[in-house]
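Asks: Kindly generate the corresponding structure for this input.
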Amino acid sequence: MKRREQQSQANLYDSLEAWTSGNLKNQESKTVLITGAYSGIGYFTALALVKAGAHVLIAGRNSEKLDKAASDIRGVATMGSVETMLVDLASLESIRNFADAFLERHASLDVLINNAGIMMPPESLTEDGFESQFGVNFVGPFALTGLLYSALTRTPGSRVVTLSSIAHRGAHIDFDNLKLEKPYDPRREYYQSKLANIIFALELGRRAETKGDGILSVACHPGFTKTNLQRHVDPAILEKMVFMEAWQGSLPTIIAATGEDVKQGDYYGPDGPKEMGGFPALGVIDNAALNIDVAAKLWELGQEATGVVFP
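Replies: Okay, here's the model as predicted:
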């Protein structure tokens, strides 16, 4: 069994290598931070960027998983380097401590990839009182981006890549239900958090451009990709779905983070039917994500919730 698993992993690495060899340019001298990168699409994004020469910092809340991922990456990627740091996106205190430590170690940041997230978990609140999906998927990344904004502005050509989902379509932000004020609906709350992600990415880009800060803010989604993210979803539902492997689901993120033709406010996903599978291409943004009044209100909420004001 172990031998078959090793062979399967090698095939995944080979598939990623075949795609990146023609689509990912040299990333030497770049510093990249990826949250939640010890598994799934975050892991394969980190692997590809280290193989391309970047210094990649993978951040998450489980030190053993971070160390294992870093060790695995070092075993197959020697051109760049990998570093690990602990952060819990469900805790603003943890995020502040992480940001302070990061800024002590690194003067610049070329790419911040807000990859970590949760999907349809049991009902719970974050340490700061938000419904867990809204808190981890939006409030945490909002705070992290703001706290690292100075490093991004010091770095010419820097980018922020925020992971959303095709689930943002048809969702809306219910400002009266961000702290479980209403009966919990895991799917509704997940969709809301993913809409908040893409609204955040677009609004960040608008604000950075207005101030002339030189930061490119883009969004992406992995389509239907098989990862640990679905661990709380009913297995009977998952059995009816067709998923890509995680290496392929990481490709929209890699393009968003490194592509030379990426523009402010772009949104990448798979190019197949309904953007569920395939290879990276520009995706469709739902009209709900384009409402600038909602974006302004969400931004204000993010600042009030986190105490982080930017840009």
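Asks: where does residue 282 fall, phi/psi-wise?
Replies: phi -70, psi 130 (degrees, to the nearest 10).
Asks: right, and it touches residue 268 too?
Replies: Yes. The criterion here is Cβ atoms under 8 Å, and residue 282 meets it with residue 268 at 6.3 Å. C-beta coordinates here come from the backbone N, C-alpha and C atoms, glycine included.
Asks: Comparing those two, which shows the higher neighbour count?
Replies: Set residue 282 next to residue 268 and count neighbours by other Cβ atoms under 10 Å: residue 268 wins out with 25 against 15.
Asks: How about the spatially most central residue of the chain, nearest residue that isn't a chain neighbour?
Replies: Closest to where the C-alpha atoms of the chain average out (Cα atoms, centre = their mean) is residue 115, at 1.8 Å. Leaving out its chain neighbours, the residue that sits closest to residue 115 by Cβ to Cβ, 6 or more residues apart in numbering is residue 42, at 4.2 Å.
Asks: What helix or strand is that neighbour located in?
Replies: Assigned by DSSP states H and E, residue 42 belongs to helix 40-51.
Asks: quick one: that helix to chain centroid distance?
Replies: Put simply, helix 40-51 sits 12 Å off its chain's centre (Cα atoms, centre = their mean, to the nearest Å).
Asks: could you say what helices and strands that helix packs with?
Replies: helix 2-23, strand 31-35, strand 55-60, helix 63-76, strand 81-86, helix 246-249, helix 251-258 (3 or more Cβ pairs under 8 Å, 6 or more residues apart in numbering; DSSP states H and E).
Asks: Start and end of stretch 215-223, how far apart?
Replies: 26 Å (Cα to Cα, to the nearest Å).
Asks: chain center to that stretch: distance?
Replies: On Cα atoms, centre = their mean, the centre of stretch 215-223 falls 8 Å from the chain's centre.
Asks: repeat for stretch 117-132
Replies: Using Cα atoms, centre = their mean, the distance between the centre of stretch 117-132 and that of its chain works out at 17 Å.
Asks: any idea of the mean pLDDT for that stretch?
Replies: Across stretch 117-132, the average pLDDT comes to 96.
Asks: Over to stretch 171-180?
Replies: On average, stretch 171-180 scores 98.
Asks: do stretch 19-28 as well
Replies: Here the average pLDDT along stretch 19-28 is 92.
Asks: do the same with stretch 194-207
Replies: Mean pLDDT, stretch 194-207: 98.
Asks: where are the low-confidence patches of the protein?
Replies: 1-12, 227-242 (pLDDT under 70).
Asks: Quick one: the strands in it, in order.
Replies: 31-35, 55-60, 81-86, 111-114, 159-163, 216-220, 267-270, 280-282 (DSSP state E).
Asks: For the ones you listed, give me CSV that also has distance to residue 307.
Replies: Putting the strands of the chain into CSV (distance: least, Cβ to Cβ, whole Å) gives the following:
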stretch, distance to residue 307
strand 31-35, 20
strand 55-60, 21
strand 81-86, 21
strand 111-114, 19
strand 159-163, 20
strand 216-220, 21
strand 267-270, 29
strand 280-282, 35
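Asks: still on that earlier bit, angle of the helix holding residue 42 against strand 159-163?
Replies: 150 degrees (axes from the mean of the first three to the mean of the last three Cα atoms, to 10 degrees).
Asks: Between strand 55-60 and helix 40-51, find me the angle.
Replies: Between helix 40-51 and strand 55-60, the angle comes out at 160 degrees (the same axes, to 10 degrees).
Asks: Touching helix 40-51 from outside, list them.
Replies: Residues external to helix 40-51 that are found in contact with it (Cβ atoms under 8 Å, 6 or more residues apart in numbering): 12-13, 16-17, 20, 24, 27, 30, 32, 34-37, 56, 58, 69, 73, 76-77, 79-82, 113, 115-116, 163, 222, 225, 227-229, 246-247, 249-250, 253-254, 257-258.
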